[in-house]
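J.: The following block contains a protein sequence and its predicted model.
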2 protein chains.
Amino acid sequence: MTDQTLAQRAINTIRFLAIDAVNQAESGHPGLPMGAAPMAYVLWTKFLRHNPRNPHWFNRDRFILSAGHGSMLLYSLLHLTGYEEMTMEQLKNFRQWGSNTAGHPENFLAEGIEVSTGPLGQGFANGVGMAIAERYLAARFNRPGHEIIDHHTYAICSDGDLMEGISAEAASLAAHLRLGKLIYLYDDNSITIDGSTTRSFTEDAPARFEAYGWHVQKIDGMDVGQVEAALRAAHDDERPSLIAARTVIGYGSPGRAGTAKVHGEPLGADEAKATRANLGWPEETFYVPGEVLEHYRSAVEQGEQLEADWEAHWEIYYDEYPELAEELRRMIAEELPEGWDEALPTYEVGSKADATRNYGGAAMNAIAPHLPELIGGSADLTGSTKTLLKDMGDFQHPTHGGSYEGRNLYFGVREHGMGGILTGMYLHGALLPYGATFLIFSDYMRGSIRLAALSHVHAIYVMTHDSIGLGEDGPTHQSIEQLPSLRAIPNLDVIRPADGNETSAAWRVAVAHRGGPVLMALSRQNLPVLEGSKEKSWEGVDRGGYILSDCEGEPQVLLIASGSEVQHCVGAQSLLAKQSIRARVISMPSLDRFLRQEDDYRDAVLPPTVRARVAVEAAAPQSWYQVVGLDGTVIGMERFGASAPAEILMEQFGFTAENVSTEAQKLL
Amino acid sequence: MTDQTLAQRAINTIRFLAIDAVNQAESGHPGLPMGAAPMAYVLWTKFLRHNPRNPHWFNRDRFILSAGHGSMLLYSLLHLTGYEEMTMEQLKNFRQWGSNTAGHPENFLAEGIEVSTGPLGQGFANGVGMAIAERYLAARFNRPGHEIIDHHTYAICSDGDLMEGISAEAASLAAHLRLGKLIYLYDDNSITIDGSTTRSFTEDAPARFEAYGWHVQKIDGMDVGQVEAALRAAHDDERPSLIAARTVIGYGSPGRAGTAKVHGEPLGADEAKATRANLGWPEETFYVPGEVLEHYRSAVEQGEQLEADWEAHWEIYYDEYPELAEELRRMIAEELPEGWDEALPTYEVGSKADATRNYGGAAMNAIAPHLPELIGGSADLTGSTKTLLKDMGDFQHPTHGGSYEGRNLYFGVREHGMGGILTGMYLHGALLPYGATFLIFSDYMRGSIRLAALSHVHAIYVMTHDSIGLGEDGPTHQSIEQLPSLRAIPNLDVIRPADGNETSAAWRVAVAHRGGPVLMALSRQNLPVLEGSKEKSWEGVDRGGYILSDCEGEPQVLLIASGSEVQHCVGAQSLLAKQSIRARVISMPSLDRFLRQEDDYRDAVLPPTVRARVAVEAAAPQSWYQVVGLDGTVIGMERFGASAPAEILMEQFGFTAENVSTEAQKLL
């Protein structure tokens, strides 16, 4: 080892930490860290501006390991550069219960992990979101001589990342937006789990990225000089950069380098020993040479200096632009400004019926002036989803007729990319991103929605055209299973408001929520303002469900619905009253939130003794059996929809007051 | 109109049928048919080999309108060329209840509609699947001088199709596989719903396709001569072809041509009138000039001749290769050969525990020799999902070391593309395609899974690593909400077998099923062979649920589980018996199938009087409330998982016999 340069030893340290941790866990992916260690070393020691002692320093560069299966690469770097939560003990507990060194990196487990990765392509899209966030905040807050927000976003991506459609979507948009501070190292190792990339991936990926409009360089990724030169050139280019770096997966392993086997299997004791011999590394496991640690740990002092310099600058900025600075501080802290929700509209019974998508647009636009952190757009359905922030400008490079200060993003027909980008925008910090499409296309972005929920991302998904009520577009566009499917995602709140008042309340809840995403399901069709919603929905939506309209005395039957079907429960209540049947109408815009309420509240709304319960929702019925049990009934959709005008569909499928009344009577 | 050529009149006929139908429905998308009519005209009159009088003629060319919102283009072509189900009456009932002219084309509504489209990108991927099917069948069945299978697959795609990630995935694979008989017309009209493509789509799409390895031509799509020349050149090239055809959306409308407004809104009476004036078209709505109809209807005679020629050839082939011919006939008819399932393995209690993914691999390989229609692969997880068909070769172009006769497809890390391709393979006919990945990544392909279910596609999804039981890879890879979410999709059967016998039975059910897809959820971890499964699971899995182990006398409590959790119910039954509690164990591999059984059977399995019910599944609990009601309990996962060895996770989250027993006792 003595004849190795410090750089070589520093690189081999990463390799063997990965080898040893994976061996110890008897599970994991040693191949990527072994091949990508040189480029990671160059990036982290010569370029990455971060402060291990304050992983939250706001102007740090962001680093994403999109190829999350190589998690030991990231954990090793965090440990070596001095992130205090990433102790050697944690490395030794790789993939064990209670450790922060999970199989794939999770942002909520340890500081310094910017995003949760593993499902391929997500990190790629997250990075684009971070670069968008950086440009937006820079445009909004920087002033001449005050580059308060000014950092790069880096990622290491794999072949798998580049094969996934989500990365294709995000890459095209990144180039369109000319996100020049986005720099991706592509670990081009020609190996996937199934073997050589010649099995399925023979396109010219660099040429593809050039076609998107990226700055593309092809280098030998095992040569630190080439990596450094490429990163410098990437810094100098105004386009997003892809550095296609040829590497050898499992580099150094005499028996497994360049094979699929080393991708996802421990080397085992014998091959680890052979690799040690081959690379001239001591027998000691988890060995970190003192001078290597010292070398990496210089990041601590450098990082503290970087942040101190920035802090000094921030103080001057704070003096010169106190309002801007205070606004940025507030946004970073995720505090809401006083009175932010006061302009939310409310509606009187008897006012003109309107679609909840329109009410949603009105609510957004009422709060947007108070919340510069609210930025987003749609997957090419801005007009249909009513999600344009009026007079807020388009987020575009000037060559496309906008500025980075604009708050309306145009994602294109790229739902999955949009989902991943929203996650990146939130995890960058200081933003509350939203994204809109039709509810049916939540399917296209589920991979990113669930990862947002796992990662505690506060994003808002505005999903309109939420049922067969969209009418003529037909079953390919009509949500059936989406509502129950989304409710099943842990830590995601689904809200489906019934009228204008509930929609305003839903937006209030969605913005004030913390710790996870909120998805709103809004109607295409007009819905009347319901009696009682103005008074009750402010608290009612927050609690997820509430008694919208009660009968006199103990109810005989409970009528429970969300969204556009609540009106039919109200109608059924009247029909039943004519037959002296006492029915209670419960509006349940968010089953997720309702089920989190204390027992007393839930029992007050749904008295345990009343077993005659009808749930009504133009969706697959699955969610509602938890509420109606074996003695109740669900009026839902057990099949796909059809193409016809909305009113006809609603009637054909039983979403009428008459049918609700009939079903209720069957239970008595 | 008299000075228009026949071609111009034929093209304008399509335009005005679309304008009139959309106006009449007051809903729909006129812009695409108006702009794409010239290329559709050239394709359908000069190239497409089909027989309107027999839309099922097997060797027909396939045509896909990937941009399904332009459905009136397809309906018009079907009507004009003589598809009998597509009457003028249907065109006039566009988007109405009970018509076959739905908002977006649905393959099961009218003959001649090859696939259901609308959600963008799906049709693009379906076409790749059809081209794969054609190549496989040709390789398997054609003999020198007998090109029994020999046709093209065409599609018209839009900007939106090309923005979606699924098309990027499918395009890369199509080039890798060198599917030269795949020819796509790209309706490059620079307009999306949100406006100009300069808002979000400024990449060089033709260059991108060249990077994939496609043959790319750029033409003026309004010039029929250029369209014809490009289609001829595409025929002559060995790569898949993209013809990027510049068109004008809403061509002919003086007020709306080239605008986003014409994409998805009716022209209205005034603009329709102005368009008529502009293009010199009579006032009469739904007008089809006699000579235009005659011109298009020549497709009938030509088609009958094409099929007759093919039939004559088929007779000779049938004589010369009776076994091959009979096999192809059987596959097209979706008949299963006698004894196909006899080799499915069964397992004795006490034999070595194994993962259901391994049992699944054994089952597949037992039936594969009898079923040449079974062809598929995985999204780069062939080894992990155990879905390699041994000794069946790789489906590859010879330059990549295989042949089109091979039955193992390598989809790459492209789950969504895989889903769309499987659908295309099935809808081509004669194949039973399967696709494999981890259950968590069913999220990535949900858009295509639901469309397969809607379209009555018999595909088999093999989803392994089906719970926290996968262990160390952690929460990004552990399914939680996927099982209930998939069960919520209408017409999709989810089967999660508990041991080797149930897995063999599941494969039997999956192959014999008709009318929709089947998804199997299989374990990574080993599961013991259960007492009784060998005798009962053959029928039990078919029925979705059955009494695996009963108590003596009337049960006091029902223990219901699927997959890896059934063993803990068996264990709990013993623990409860020690306390003289009578428990029945119900294995419920497919809730979907069980709920379709007659009441008598369901009540026999789940006696209505027994309300103490415990459902156990390492997944979000939502599905099971329909079974356990308000008086039972579900042991499920209300949160995301964690990274640790599987046994530790199962214990930590309560999936043990002890915990099942404890929860059961709480109910008594």
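T.: Perfect, thanks for sending it.

J.: Get me the contact residues on the stretch 251-400 of chain A for chain B.
T.: For the stretch 251-400 of chain A, the residues in contact with chain B (CB under 8 Å from any CB of the partner chain) are A:378, A:380-384, A:394, A:396, A:400. In short, each C-beta sits where N, CA and C put it, glycine included.

J.: mind redoing it with 6 Å?
T.: A:380-382, A:400 (CB under 6 Å from any CB of the partner chain).

J.: Can you lay out these as JSON lines showing pLDDT, neighbour count and distance to A:A171?
T.: Formatted as JSON lines, those follow (pLDDT from 0 to 100; neighbours: other CB atoms under 10 Å in any protein chain shown; distance: CB to CB, whole Å):
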{"residue": "A:D380", "pLDDT": "96", "neighbour count": "30", "distance to A:A171": "17"}
{"residue": "A:L381", "pLDDT": "96", "neighbour count": "24", "distance to A:A171": "21"}
{"residue": "A:T382", "pLDDT": "96", "neighbour count": "21", "distance to A:A171": "22"}
{"residue": "A:H400", "pLDDT": "93", "neighbour count": "18", "distance to A:A171": "17"}
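
J.: What about A:T476, how many residues nearby?
T.: Neighbour count of A:T476, defined by other CB atoms under 10 Å in any protein chain shown: 25.

J.: same question, A:F47
T.: Neighbourhood size, A:F47 [other CB under 10 Å]: 18.

J.: pLDDT score assigned to it?
T.: Taken from the predicted model, the pLDDT recorded for A:F47 is 98.

J.: Please identify the helix or strand for the closest residue to it other than its chain neighbours.
T.: Excluding the flanking residues, the one nearest A:F47 by CB to CB, 6 or more residues apart in numbering or on different chains is A:L231, at 5.5 Å. If you go by DSSP states H and E, A:L231 is part of helix A:224-236.

J.: ok, the residue nearest to A:F47 - how many residues close by?
T.: Number of residues near A:L231 (other CB under 10 Å) recorded here: 23.

J.: how near is it to chain B?
T.: Using CB to the nearest CB, to the nearest Å, A:L231 is found at 24 Å from chain B.

J.: A:A333 now?
T.: Distance check for A:A333 against chain B: by CB to the nearest CB, it reads 26 Å.

J.: With A:V413 as the reference, measure out to the residue nearest to A:T285 when sequence neighbours are not counted.
T.: Spatial nearest neighbour of A:T285, chain neighbours left out: A:D20 (4.3 Å); criterion: CB to CB, 6+ apart. When distances are taken as CB to CB, to the nearest Å, A:D20 and A:V413 turn out to be 46 Å apart.

J.: Neighbour count for those two, which is higher?
T.: More neighbours surround A:V413 than the other of A:D20 and A:V413, with 30 against 23 (other CB under 10 Å).

J.: doesn't B:G121 make contact with the more buried one?
T.: No - taking CB atoms under 6 Å as the definition, A:V413 is not a contact partner of B:G121, at 8.0 Å.

J.: And the helices in the stretch 551-668 of chain A?
T.: Under the criterion DSSP state H, counting those that start in this stretch, the stretch 551-668 of chain A contains helices at A:566-578, A:591-595, A:599-605, A:625-628, A:646-652, A:657-666.

J.: Output those helices as TSV; include the columns distance to A:A488, mean neighbour count and mean pLDDT.
T.: Listed next are the helices of the stretch 551-668 of chain A as TSV, based on distance: least, CB to CB, whole Å; neighbours: other CB atoms under 10 Å in any protein chain shown; pLDDT from 0 to 100:
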stretch	distance to A:A488	mean neighbour count	mean pLDDT
helix A:566-578	22	21	98
helix A:591-595	10	21	98
helix A:599-605	19	13	98
helix A:625-628	11	22	98
helix A:646-652	25	18	98
helix A:657-666	25	20	98
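
J.: can you tell me which of those comes nearest to B:R329?
T.: Ranking the helices of the stretch 551-668 of chain A by proximity to B:R329 (CB to CB) places helix A:646-652 first, at 40.1 Å.

J.: Excluding chain neighbours, what is closest to A:K181?
T.: Nearest to A:K181 is A:H152, by CB to CB, 6+ apart, at 4.8 Å.

J.: which SSE is A:Y287 in?
T.: Short version: A:Y287 belongs to no helix or strand, going by DSSP H and E.

J.: Now do the lowest-mean-pLDDT helix or strand in chain A: everything it contacts.
T.: Sorted by mean pLDDT, DSSP states H and E, the helices and strands of chain A end with strand A:191-192, the least confident at a mean of 85. Counting by CB atoms under 6 Å, 6 or more residues apart in numbering or on different chains, the neighbours of strand A:191-192 from elsewhere in the structure are A:159, A:249, A:260, B:380.

J.: do the same with stretch A:58-69
T.: With contact meaning CB under 6 Å, 6+ apart, stretch A:58-69 is reached by A:29, A:32, A:48-50, A:74, A:104-105, A:114-115, A:117-118, A:123-124, A:126-127, A:130, A:151-158, A:161, A:310, A:332.

J.: of all of chain A, which residue lies closest to chain B?
T.: Taking CB to the nearest CB, chain B has its nearest neighbour within chain A at A:G165, 2.0 Å off.

J.: For that residue, which non-adjacent residue is spatially closest?
T.: If the residues on either side of it in the chain are set aside, A:G165 comes closest to B:G165, at 2.0 Å by CB to CB, 6+ apart.

J.: how's chain A carved up into domains?
T.: Annotated domains of chain A cover A:3-304, A:354-527, A:543-667 [automatic domain parsing].

J.: is it fair to say A:A436 lies in a strand?
T.: Yes - assigned with DSSP: H, G, I helix; E, B strand; the rest coil, A:A436 falls within a strand.

J.: And it, how far from A:D161?
T.: 26 Å.

J.: Would you mind telling me which of the two has more residues around it?
T.: A:A436 (31 against 25).

J.: show me what contacts that one?
T.: If you count contacts by CB under 6 Å, 6+ apart, A:A436 has them with A:378, A:385, A:387, A:462.

J.: what do you get if the cut-off is 7 Å, keeping everything else the same?
T.: A:378, A:381, A:385, A:387, A:462, A:464 (CB atoms under 7 Å, 6 or more residues apart in numbering or on different chains).

J.: element containing the fourth one?
T.: Secondary-structure element containing A:T387, defined by DSSP H and E: none, the residue being outside all helices and strands.

J.: hang on, it packs against A:T464?
T.: No - taking contacts as CB atoms under 7 Å, A:T387 lies outside contact range of A:T464: 8.3 Å.
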